[in-house]
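Visitor: can you look at this prediction? I've put the sequence above it.
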Amino acid sequence: MSDKDKIFPEPKVSFFKTGTEALCPNTPVTPTPITRGAIAKIPVVLAELTVQINVDSTITLPEPAFEIKQIKKRLKLTQCLLAQPTNKLFLKGFIRKNIDYSTRSCSNNQGFCGDIRHCTVDIPFTCVTPVDFNVTEPAPVTFNTAEEFEFFRAGKLGPEFPEKDTLESGDFTEFNQVSTEFFNELPFCEIINARITEYDEFVDRKHPFDDEIPFEEIKFKAIEEKMVIDLTLKVLQKRQVTIPAVALIDC
């Protein structure tokens with residue numbers, strides 16, 4: 001073996017074997033449900049609504065672009081809070097946008113070439129909307145309580161009082177209290193779908209007069225966008241629900 005082979009050994013080649021999995025048989029199992037009735041704690045739908053959120057923002061690209069090739073959007077909801085005991089729902093989140101755009105590296109009067117770059121930005125939004133509840137409203141909020149109590153105390157008075165008189169009052173040498181803390185069930189949200197209607201306009205457009213480039217090409221860096229977001233979601237709360245007994249019929 002030469003010194004070159006020792007320094008640069010021949011790479012090993014791995015072979016992978018693939019194939020189709022055989023059919024796996026199964027046997028149905030009959031469930032054994034509770035038929036005499038039960039009390040279950042399950043999420044109950046308080047409301048289902050579509051919220052319209054309007055967003056106006058400006059995005060500045062890190063370099064001049066000549067064309068937007070594609071924009072992908074994803075809605076991210078970071079807060080959905082029902083401010084009890086009111087019906088106001090606080091929403092907060094952002095739209096993650098991945099923008100693909102073309103740049104210029106060389107050009108002449110008949111055409112130009114460049115790279116496809118991308119820029120990912122998060123467009124925040126926040127709003128408050130009133131909620132019209134369905135048949136079931138949120139469980140009433142139970143407030144914490146704290147109550148003080150004291151014991152009777154009888155004591156002697158000073159020499160300036162008659163000897164037969166006594167001081168009767170509460171005992172101020174101690175502090176007694178009974179406090180109760182309630183842990184309320186917090187409503188929560190589940191998003192169903194989001195429809196985003198978007199209008200983007202390129203601003204600060206300029207023609208690169210100092211370079212040879214087709215006359216219709218315009219470069220820009222800023223994008224002014226307007227979005228209308230129709231967000232459908234459910235407001236739920238875990239509640240105790242009575243499930244009645246079920247009569248089984250043998251067929």
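Guide: Yep, that arrived.
Visitor: show me where pLDDT drops low in the stretch 51-200 of the chain?
Guide: The model of the stretch 51-200 of the chain has pLDDT under 70 over residues 107, 109-110.
Visitor: ok, the residue nearest to Ala245 when sequence neighbours are not counted - how many residues close by?
Guide: In space, and not counting its chain neighbours, Ala245 is closest to Gly37: 4.0 Å by Cβ to Cβ, 6 or more residues apart in numbering. Any C-beta I mention is one placed from the backbone N, CA and C, and that applies to glycine too. Other residues lying near Gly37 total 10 when counted by other Cβ atoms under 10 Å.
Visitor: could you check the pLDDT of Asp211?
Guide: Model confidence at Asp211, given as pLDDT, is 67.
Visitor: before we move on, the earlier item: list the contacts of the residue nearest to Ala245.
Guide: With contacts taken as Cβ atoms under 8 Å, 6 or more residues apart in numbering, Gly37 has the following neighbours: 242-246.
Visitor: JSON lines for those, including neighbour count, pLDDT and secondary structure?
Guide: What follows is those, written out as JSON lines (neighbours: other Cβ atoms under 10 Å; pLDDT from 0 to 100; DSSP: H, G, I helix; E, B strand; the rest coil):
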{"residue": "Thr242", "neighbour count": "8", "pLDDT": "92", "secondary structure": "strand"}
{"residue": "Ile243", "neighbour count": "12", "pLDDT": "90", "secondary structure": "strand"}
{"residue": "Pro244", "neighbour count": "8", "pLDDT": "91", "secondary structure": "coil"}
{"residue": "Ala245", "neighbour count": "9", "pLDDT": "89", "secondary structure": "coil"}
{"residue": "Val246", "neighbour count": "11", "pLDDT": "79", "secondary structure": "coil"}
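Visitor: what's the closest of those to Phe94?
Guide: Ile243 (40.1 Å; Cβ to Cβ).
Visitor: so the closest one touches Lys41, yeah?
Guide: No: with contact defined as Cβ atoms under 8 Å, Ile243 does not reach Lys41; the gap is 11.0 Å.
Visitor: in which helix or strand does Asp100 reside?
Guide: strand 88-102 (DSSP states H and E).
Visitor: just give me the longest strand of the protein.
Guide: Of all segments of type strand in the chain, defined using DSSP state E, the longest is strand 38-65.
Visitor: helix or strand next in line after it, which one?
Guide: Next in sequence after strand 38-65, counting helices and strands by DSSP H and E, comes strand 67-83.
Visitor: quick revisit: so what secondary structure elements neighbour the strand holding Asp100?
Guide: Secondary-structure packing of strand 88-102 (3 or more Cβ pairs under 8 Å, 6 or more residues apart in numbering; DSSP states H and E): strand 38-65, strand 67-83, strand 116-130, strand 220-243.
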